[in-house]
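**Student:** A predicted structure for the sequence below; I have some questions about it.
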Amino acid sequence: MGRLFGTDGARGIANTELTPELAMNIGRATAMVLINDSVKHPTFLIGKDTRLSGDMLEGALIAGLCSVGANVKLLGVIPTPAVAYLVKKYNADAGIMISASHNPFEFNGIKIFSDEGFKLPDDLEEQIESIVLDNKVPYTIAENENVGKVEYVTNGADDYINHIVENISYDLNGLNIALDCSNGASSVTARKLFTKLGANVHILFDQPDGININEDCGSTHIEKLQEYVLANNLDGGLAFDGDADRCLAVDEKGHLVDGDFIIAIIAADFKSQGKLKKNAVVGTVMTNMGFNRFCDENGMKFVSTKVGDRYVLEAMVREGYNIGGEQSGHVIMLDYSTTGDGELTGATLMSMLNRRQAKLSSIATLMERYPQVLINIKVSNEGKLAFYTDKKLKEEIKRISDILEDRGRILVRASGTEPLVRVMLEGENLEEITKLANEAAEMVRERLS
């Protein structure tokens, strides 16, 4: 993880940590590392979610990019995976998404995609950091006719919707589903997409006002969607996060179907159709232990990476796998998308259910979930750095690991996107792991808060 870019772009509280000046300089530096003899005026796509600060940061990025000679095409409010798809479709040189994903509205972020629709590799991010943070080279100044131009794109959302529709092999006719748009980017695409696929849709939280994104809704607050599905006797529900690169599902009984289950269901379906490449699925160290057992029982190889969808994607690209993701709902289907795509994931899941004429609750039984306890502890910036070297904390983690032996596991990690340390315990006995998780969390508070 770099000094400016974390596991999912540059992120911070808008206008205090992620300032317009910083955004402008990120724009300048990003264009500079892409300008060469063959690309004099690189073209950047810019999309954003519904946060109040999005317009401000968009303006700053435009100024930075155009000042060094880059041209800009504005997509407006649109999901992150749409930017990743459209950058290649429109033959742009890079794409930028202004979003802090599942975080509250006061945060914002900058995610950068290459001309192939992938998040920038570490070496390019390091080059950008060296220009922005170390003043390694002076900023380029484009003069006269070389200043960049700005263009507004009005058909981006429709092109993205059509891309998903083309890759869903079986329609959703007859399905009654609820869609929680988290007052975020999917507010502009979800209704049209799922209606076009044939579903009867009930839309929740699609009235963004700049500050209500992810507020008691979306994939991080699933309860209202669960209640709605149950109360209205629907076939299921899908919840997206603020930039719609995540998706969690709710079955017809109102039960949560998280990312691990969604990946297991789709991977098993891929395998039954001979579409699962190398019979492998990629997850992270946070993937439930039950998923490992599911893979063993179904003749699949489970590949584990560090937390972060970028690491999942790197493993998939490097080894030629075609499905992977995270429990949080980032699901990457590399045959159709270069990044996590919540709406593609949800449409794929619902299409499979309709094709098989099955209930989500029955299909979700293919995997058994081990009890899991996750505690997030807010820490200081200094504490977050000290986490990696604190001896007593390491001793506590080892103590708990020794107690669990092969009946469970403990994972303590610093968040890549927030000032948090996450304590996760998993095992056969919920009472035991809850007690141990609280003990570990207390140690984190004492040492790092």
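**Tutor:** Happy to help now that I have it. Numbers count the residues shown, from 1 in each chain.
**Student:** assign the closest residue to residue 89 other than its chain neighbours to helix, strand or coil.
**Tutor:** Nearest residue to residue 89 in three dimensions, chain neighbours excluded: residue 159, at 6.4 Å (CB to CB, 6 or more residues apart in numbering). (Glycine included, C-beta is placed from N, CA and C.) The three-state label given to residue 159 by DSSP: H, G, I helix; E, B strand; the rest coil is helix.
**Student:** just the one 5 residues further on next, same as before
**Tutor:** Here residue 164 is recorded as helix under three-state DSSP.
**Student:** quick one: it from residue 85, how far?
**Tutor:** According to CB to CB, to the nearest Å, residue 164 and residue 85 sit 9 Å apart.
**Student:** what do you get for residue 426?
**Tutor:** From residue 426 to residue 85 the distance is 35 Å (CB to CB).
**Student:** over to residue 55?
**Tutor:** 23 Å.
**Student:** which of those two has more residues huddled nearby?
**Tutor:** Shown here are residue 55 and residue 85; by other CB atoms under 10 Å, residue 85 has more neighbours (25 against 12).
**Student:** surely that one meets residue 337?
**Tutor:** Yes: judged on CB atoms under 8 Å, residue 85 makes contact with residue 337 at a distance of 6.7 Å.
**Student:** ok so, going back, any idea how far residue 301 is from the residue nearest to residue 89?
**Tutor:** 35 Å.
**Student:** one more: residue 66?
**Tutor:** Counting by CB to CB, the gap from residue 66 to residue 301 is 47 Å.
**Student:** where are the low-confidence patches of the stretch 1-150 of the chain?
**Tutor:** Scanning the stretch 1-150 of the chain for pLDDT under 70 picks out the ranges 1-2, 37.
**Student:** for it, what spans make up the helices?
**Tutor:** Shown for the stretch 1-150 of the chain, the helices assigned by DSSP state H, counting those that start in this stretch span residues 20-34, 54-67, 80-89, 122-134.
**Student:** most tightly packed of those helices?
**Tutor:** helix 80-89 (a mean of 26; mean count of other CB atoms under 10 Å).
**Student:** what's next to that one, contact-wise?
**Tutor:** Helix 80-89 is contacted from outside by 45-47, 49, 75, 92, 94-97, 99, 101, 111, 113-118, 156-157, 159-160, 163, 185, 189, 243-245, 337-344, using CB atoms under 8 Å, 6 or more residues apart in numbering.
**Student:** of the residues you listed, keep whichever come out buried.
**Tutor:** In the contacts of helix 80-89, burial by neighbour count holds for 45-47, 49, 75, 92, 94-97, 99, 101, 111, 113-115, 117-118, 156-157, 160, 163, 185, 189, 243-245, 337-344, counting by 16 or more other CB atoms under 10 Å.
**Student:** per-residue confidence at residue 408?
**Tutor:** With respect to pLDDT, residue 408 has a value of 89.
**Student:** just list whatever residues bridge to it.
**Tutor:** residue 427 (DSSP bridges).
**Student:** next, count neighbours for it.
**Tutor:** Using other CB under 10 Å: residue 408 sits among 22 other residues.
**Student:** contacting residues around it?
**Tutor:** 289, 370, 425-429, 432-433.
**Student:** can you rerun that using 10 Å?
**Tutor:** 289, 370-373, 400-401, 425-429, 432-433, 436 (CB atoms under 10 Å, 6 or more residues apart in numbering).
**Student:** among those residues, which two are most distant?
**Tutor:** The distance between the two most remote of those (CB to CB) is 16.8 Å, for 371 and 401.
**Student:** neighbour count winner among the two?
**Tutor:** Higher neighbour count among residue 371 and residue 401: residue 371, with 18 against 15, using other CB under 10 Å.
**Student:** residues in contact with that one?
**Tutor:** 288-290, 408, 425-434.
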